[in-house]
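S.K.: no sequence on this one, just coordinates:
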């Protein structure tokens, strides 16, 4: 499993994060996996050539439209909460539940 170790290495992860490739790669992986599952057990007949263009259009709108807009709005929020160190040291799922 040498290829798997290389694929999950710190350098590859850092490259993906540095070049904002997480969401496009997640889209491609989801496209391949979900299409494979759909071919095995189809819920209904789908014209994949017609749907693929729409999916690419929507992920492009999301990636190049919604993400920059949300980052811009996030930068406008000047007030960040001041939380005690005890709360900041809790694991994320516990903080979300709180």
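M.R.: Perfect, thanks for sending it. Worth saying up front: this structure is predicted, and the values here are computed from it rather than measured.

S.K.: ok, the residue nearest the centre of the chain - contacts?
M.R.: The residue lying closest to the centre of the chain (CA atoms, centre = their mean) is residue 23, at 3.9 Å. When contacts are counted by CB atoms under 8 Å, 6 or more residues apart in numbering, residue 23 touches 59, 62-63, 67. Placement of C-beta: from N, CA and C, glycine included.

S.K.: And it, what's its pLDDT?
M.R.: Residue 23 carries a pLDDT score of 84 in this model.

S.K.: Name the member of the contacts of residue 23 that has the highest neighbour count.
M.R.: Neighbour tally across these (other CB atoms under 10 Å): the maximum, 17 neighbours, falls on residue 59.

S.K.: Which of the three states applies to that one?
M.R.: Recorded secondary structure, residue 59: helix (DSSP: H, G, I helix; E, B strand; the rest coil).

S.K.: Tell me which residues touch it, please.
M.R.: Contacts of residue 59 by CB under 8 Å, 6+ apart are 23-24, 27.

S.K.: how does it look with 6 Å?
M.R.: residue 27 (CB atoms under 6 Å, 6 or more residues apart in numbering).

S.K.: mind checking how far it is from residue 50?
M.R.: According to CB to CB, to the nearest Å, residue 59 and residue 50 sit 16 Å apart.

S.K.: Could you do residue 94 as well?
M.R.: Separation of residue 94 from residue 50 (CB to CB) stands at 45 Å.

S.K.: Ok, residue 68 next?
M.R.: To residue 50, residue 68 is 28 Å away according to CB to CB.

S.K.: Which pLDDT value belongs to residue 1?
M.R.: pLDDT, residue 1: 65.

S.K.: Same question for residue 61.
M.R.: Note for residue 61: predicted pLDDT of 92.
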